[in-house]
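Asks: Okay, sequence plus prediction incoming.
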Amino acid sequence: MKQTLFGKFFLSSLLILTVTYAVLFASMSQLFGQFYLSLKERELKRRGELIASVLTSPTQEIPETVKRLSEGIHVLLVPLNRLFAPDSPLRHGPQMMRPGAMFRRVFPLQELENRLRQGKAVTFQGVLPVLRQEMLVVALPLPPDAPPQAVLFLSTPLADIQMTVKTFRYLLLWSGLVAFPLAVILAFLFSRSLSVPLKTMRTMARAIASGDYTKRLEIPPEEELGQLARDFNTLSQELERTIRTLEREKREIENILLALKEGVVALDLEGRILSANPKAQEVFETPLFGKARIDDVLPQNVATLFQETLKSGMATQGECVFRSKRLIIRVAPLEDEGMPYGAVGVIQDITELRRAEELRRQFIADVSHELKTPLTAIQGFLEAVLDGVISFEEFREKYLPLLYEETLRMSRLIRDLLDLSLMESGKVQWEMEPVDLAALTREVVLKLTPLFREKRVNVENHLALPLVVFGNRDRLAQVLTNLLHNAILFSPEGSTVTIEGEEREGMVTVSVLDEGPGIPENDLPFIFERFYRVEKSRSRKGGGVGLGLAIVREIIERHGGTVGAENRPQGGSRFFFTLKHAFREDGSAQQPGKDPEQWPLQGEQ
């Protein structure tokens, strides 16, 4: 059974107390017996010396004095010659000199005789033939200062001494029995005083291991435990500070990875994915987690770059195409103190960048072409006049109107480019006012009536109810003009261009629908880009250069709205824009400029 710390302390204390008491009991009993025996020896010697002095003195009170001095002891005076005579009882039977139960020393008979004849006192324990019991005996030679003539034996029964020692032992035993419960209580309190703080520290250690760094220990009064508790609290505080710093840094890294426009993928040495940010999963259109191997979830050309870095420990870079996306992958090794433990790759989707570069090249080419065509025509006509191939009168009547049309075309191109550039830079400021789109649409349709008739295209305006928005009247008229002009250009003869509008949840939507060939699905996302033309030959023939829809998008976005285009199920296309209604549901006006975040309409000066 597993023993607790308290149990170990308590049992150890009890064991120490028991062993200590046993040692003390044995040693005290022995020491007390020897002390009491030596006390009796000294008392017998003192009495013997007193009796010897009385016996050798000329006083007449010898019997009474000797009787008084020999109270409680046995006194025997034996002539020395008689004591060691051949017929002496000391020479018969070894039992007479055997040691007693508490012997101190036993002399052989010959040694005893030699010491007594030398005038030395002898103390021994044994059984005297005369008394027939174990005795403590002191033998003094008489006279003290002359050759010994007799031996004075003083003896006391060992039973009395043994009884006294036994009584002392009983006293020690009962004292121990009385003190033992108190000692057990003290051992219990001592063990508890040690185990409770340690148990509290253990509980705190488990809490720290589980992630709770807020707990603190009370400082116990004991110096060692108090210092240990202070050190433990300091450790907990440092751990809490360190963990919080690590967690903050982890959150910062996670937020950085979430905000990155590039995908990031980290692998271990075995090619398993450790982590990937959402952008990487968006680029590869698959979840990247769960220790999946890179060979199983990423394209082979991408996985090859990672494997080269894992094998060589060197950074690699490459460009590839994945599902119509053009990607740049940069892979670098992950190292800890010079030892590689994985690789990290940064995936950059450069599809839009390449498309923007292509659009810039196309823009330069289109602008050059659009400017080159009229300039070439003007130059050719002028050269013909200068060379005399064409007369001035013929030039003025026949070719001068064509040159005028080319200059107007160049003027429109430059004006549109300037307008678009100014709007994109934010350096324009428009006066905003409530504008009724229904009334404005009727005006624009009226202006474009000759073009509708020329192209033999019908128009149906379904905007009857007022649809009021805040905006710049001229720019919104430009939006409607560009959308209707675009619909006329791509509508076949006899078809109908329809204008619709609705107001829903505080938003106004105006749509222009045509019955033309529609827009290829691949071109829909780019239809509002500058110089983007679905049918370049037809658009150029109609005078368009691909800037009208780009201007529409820029104007509507500057008004805080959105634009869009889609194909109609029954054929043709639908262009639409959405703006906020000028009035709230309670009838209060939504004035622009009062909430600039809600109405980002005006550019900066």
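Replies: Happy to help now that I have it. Just so we're clear, the structure is a prediction, and the values are computed from it rather than from any experiment.

Asks: how about the helices in the stretch 351-500 of the chain?
Replies: 351-386, 392-394, 400-425, 437-447, 449-455, 473-489 (DSSP state H, counting those that start in this stretch).

Asks: Report pLDDT for the residue nearest to residue 384 when sequence neighbours are not counted.
Replies: Spatially, and ignoring its direct neighbours in sequence, residue 384 is nearest to residue 390 (4.4 Å; CB to CB, 6 or more residues apart in numbering). C-beta here means a position set from N, CA and C on the backbone, and glycine is covered the same way. Residue 390 carries a pLDDT score of 75 in this model.

Asks: Need the winner for burial among the helices of the stretch 351-500 of the chain.
Replies: Of all the helices of the stretch 351-500 of the chain, helix 473-489 carries the top mean neighbour count, a mean of 21, counting by mean count of other CB atoms under 10 Å.

Asks: hmm, back to that, to residue 282, which of the helices of the stretch 351-500 of the chain lies closest?
Replies: Of all those, it is helix 351-386 that lies closest to residue 282, at 12.3 Å by CB to CB.

Asks: hang on, isn't residue 527 packed against residue 566?
Replies: No: with contact defined as CB atoms under 8 Å, residue 527 does not count as touching residue 566 (9.9 Å).

Asks: More neighbours: which of these two?
Replies: Between residue 527 and residue 566, counting by other CB atoms under 10 Å, residue 527 is the more crowded of the two (22 against 15).

Asks: With adjacent residues omitted, what lies nearest to that one?
Replies: Nearest residue to residue 527, sequence neighbours excluded (CB to CB, 6+ apart): residue 565, at 5.1 Å.

Asks: So the one you found: helix, strand or coil?
Replies: strand (DSSP: H, G, I helix; E, B strand; the rest coil).

Asks: quick one: common contacting residues for residue 527 and residue 566?
Replies: Residues touching both residue 527 and residue 566 (CB atoms under 8 Å, 6 or more residues apart in numbering): there are none.

Asks: Pull the distance from stretch 429-436 to the chain's centre.
Replies: Remark: stretch 429-436 is offset 55 Å from the chain centroid, using CA atoms, centre = their mean, to the nearest Å.

Asks: Can I get it in CSV, CA atoms only?
Replies: The C-alpha coordinates for stretch 429-436 follow below in CSV (Å, rounded to 0.1, in the frame of the first residue of the first chain):
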residue,chain,number,x,y,z
GLN,A,429,-14.1,66.6,-54.5
TRP,A,430,-17.7,66.3,-55.6
GLU,A,431,-20.7,68.2,-54.3
MET,A,432,-23.2,65.7,-52.9
GLU,A,433,-26.9,66.3,-53.0
PRO,A,434,-30.1,64.2,-53.1
VAL,A,435,-30.5,62.8,-56.6
ASP,A,436,-33.7,61.1,-58.0
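
Asks: State the mean pLDDT of that stretch.
Replies: Stretch 429-436 shows a mean pLDDT of 86.

Asks: Would you mind measuring from the residue most central in space within the chain to residue 471?
Replies: The structure's the chain has its C-alpha centroid closest to residue 247; by CA atoms, centre = their mean the separation is 4.9 Å. Per CB to CB, to the nearest Å, residue 247 is found 49 Å from residue 471.

Asks: So the residue nearest to residue 527 sits against residue 575, correct?
Replies: Yes: using CB under 8 Å, residue 565 is in contact with residue 575, at 5.0 Å.

Asks: Could you check which of these two is surrounded by more residues?
Replies: Per other CB under 10 Å, whichever of residue 565 and residue 575 has more neighbours is residue 575, with 24 against 20.

Asks: Can you classify that one as helix, strand or coil?
Replies: From three-state DSSP, the assignment for residue 575 is strand.

Asks: For it, which residues are in contact?
Replies: The contact partners of residue 575, by CB under 8 Å, 6+ apart, come to 483, 486-487, 511-512, 549, 552, 563-565.

Asks: for residue 581, phi and psi?
Replies: Per-residue torsions, residue 581: phi -70, psi 150 (degrees, to the nearest 10).

Asks: can you count the residues close to it?
Replies: Applying other CB under 10 Å, we find 17 residues neighbouring residue 581.

Asks: swap in residue 276?
Replies: Residue 276, neighbours per other CB under 10 Å, totals 25.

Asks: Looking at the closest residue to it other than its chain neighbours now. What's its pLDDT?
Replies: In this structure, residue 276 finds its nearest non-sequential neighbour in residue 288, 3.7 Å apart by CB to CB, 6+ apart. Per-residue confidence (pLDDT) for residue 288: 75.

Asks: switch to numbering from 6
Replies: Got it, the first residue is 6 from now on, which makes the last one we talked about residue 293.

Asks: can I assume residue 293 sits in a helix?
Replies: No: Residue 293 is assigned coil when assessed by three-state DSSP, not a helix.

Asks: need the strands for the stretch 456-605 of the chain, in chain order.
Replies: In the stretch 456-605 of the chain, the strands defined using DSSP state E, counting those that start in this stretch lie at 463-466, 473-476, 501-509, 512-518, 567-572, 578-585.

Asks: low pLDDT regions in the stretch 206-355 of the chain?
Replies: Within the stretch 206-355 of the chain, the stretches with pLDDT under 70 are 218, 220, 222-230, 295-296.

Asks: Could you rerun that using 90?
Replies: Counting by pLDDT under 90, the ranges of the stretch 206-355 of the chain that qualify are 206-334, 338-355.

Asks: for the residue nearest to residue 532, what are its contacts?
Replies: With CB under 8 Å, 6+ apart, residue 570 has these contacts: 524, 529, 532-533, 554, 578-581.

Asks: Over to residue 308?
Replies: Shown in contact with residue 308 (CB under 8 Å, 6+ apart): 276, 299-300.

Asks: Can you lay out these as CSV showing secondary structure?
Replies: Compiled in CSV, these are given as follows (three-state DSSP):
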residue, secondary structure
276, coil
299, helix
300, helix
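
Asks: Among the residues you listed, the buried ones, what's the PyMOL command?
Replies: Remark: buried members of the contacts of residue 308, expressed as a PyMOL selection using 16 or more other CB atoms under 10 Å:
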select buried, resi 276+299
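
Asks: could I get the contacts of residue 308 as JSON lines with distance to residue 369?
Replies: Below are those laid out as JSON lines (distance: CB to CB, whole Å):
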{"residue": "276", "distance to residue 369": "45"}
{"residue": "299", "distance to residue 369": "41"}
{"residue": "300", "distance to residue 369": "43"}
